[in-house]
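>>> Sequence plus predicted model, see below.
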Amino acid sequence: MTLKTVEWKDNSVIMIDQTKLPTNLEYVTYTDYNDVAAAIRNLVVRGAPAIGVSGAFGLALAALQSSSKTMDDFLSDLEKAKEVLFQTRPTAINLSWGLEKIYNSALSHAEQGRTVSEIRDAIIVEAKQMAEEDVNINKKMGKNGAELFQNNDTIMTHCNAGALATVGYGTALGVIRATKEVGKNVKVIATETRPVQQGSRLTAFELKHDGIDVSLIPDTAVGYTMANGLVNG
């Protein structure tokens, strides 16, 4: 079963703690948006798509945490939380996108005369939909990309663009998963990806977790591997 990086369950945000990989597969549960902010800042969760949805979930937690009764106070609480979450990774486009989408939705509902309770529920629904859309988009990408590979191809990857960088399934690794799912046999050579070792700690871990044939090489071996025709994808 493909790893689920971040999800909403029982009004809580559940994440894989990626700082513990590959030694331990541990999950953390948050009910406070400040903890989600810390998780983004400290790389408990990383990868653009995953960060975007995590921000949306963080804002949904902020909506639950707010005890404000008036609309102005409630929106003020959301705006404060949005800024706290944004400052964790201000250059991350997906994070600002996720936060703005949820916050603007709240503003739109407020203009329509919805109550605080109704907006709170709507925010949670929309954040969960964002997570579902991320997985669905990755699967569509994977299905299209799978056509590019042949049976018995060997594919090289760098860094991590898999399930651990998204809500689930993955972008680049999603294509590899989809290729295997349509019945083609593929092998993967993953680079270690210095200095943070996303290839060795994350990519190799999740491919092995999903039963996909993967070999790990140091970054310095890329030239040798390609020059000797050991990869064709």
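Perfect, I can see it now. Numbering: from 1, shown residues only.
>>> Helices along the chain, start to end?
Secondary structure of the chain (DSSP state H): helices at 33-41, 48-65, 71-86, 93-111, 116-145, 172-181, 198, 204-209, 222-227.
>>> Including mean neighbour count, distance to Asn152 and mean pLDDT, could these go into a markdown table?
C-beta coordinates here come from the backbone N, C-alpha and C atoms, glycine included. Below are those laid out as a markdown table (neighbours: other CB atoms under 10 Å; distance: least, CB to CB, whole Å; pLDDT from 0 to 100):
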| stretch | mean neighbour count | distance to Asn152 | mean pLDDT |
| --- | --- | --- | --- |
| helix 33-41 | 21 | 40 | 98 |
| helix 48-65 | 26 | 30 | 98 |
| helix 71-86 | 18 | 45 | 98 |
| helix 93-111 | 18 | 35 | 97 |
| helix 116-145 | 18 | 17 | 97 |
| helix 172-181 | 23 | 11 | 96 |
| helix 198 | 26 | 27 | 96 |
| helix 204-209 | 22 | 17 | 96 |
| helix 222-227 | 12 | 17 | 96 |
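>>> Could you export those as JSON lines, including distance to Thr5?
What follows is the helices of the chain, written out as JSON lines (distance: least, CB to CB, whole Å):
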{"stretch": "helix 33-41", "distance to Thr5": "11"}
{"stretch": "helix 48-65", "distance to Thr5": "5"}
{"stretch": "helix 71-86", "distance to Thr5": "17"}
{"stretch": "helix 93-111", "distance to Thr5": "13"}
{"stretch": "helix 116-145", "distance to Thr5": "10"}
{"stretch": "helix 172-181", "distance to Thr5": "12"}
{"stretch": "helix 198", "distance to Thr5": "13"}
{"stretch": "helix 204-209", "distance to Thr5": "10"}
{"stretch": "helix 222-227", "distance to Thr5": "27"}
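>>> which one of these lies closest to Asn24?
helix 204-209 (10.6 Å; CB to CB).
>>> by contact count, what packs against the closest one?
Packed against helix 204-209 by the contact rule (3 or more CB pairs under 8 Å, 6 or more residues apart in numbering; DSSP states H and E) you find helix 172-181, strand 186-191, strand 214-217.
>>> mind redoing it with 7 Å?
strand 214-217 (3 or more CB pairs under 7 Å, 6 or more residues apart in numbering; DSSP states H and E).
>>> pretty sure Leu64 is touching Asn11, no?
Yes - contact between Leu64 and Asn11 holds when scored by CB atoms under 7 Å: they sit 6.0 Å apart.
>>> For Leu95, see how far away the residue nearest the centre of the chain is.
Centrality entry for the chain: nearest residue to the mean C-alpha point is Ala50, 2.0 Å, by CA atoms, centre = their mean. To Leu95, Ala50 is 10 Å away according to CB to CB, to the nearest Å.
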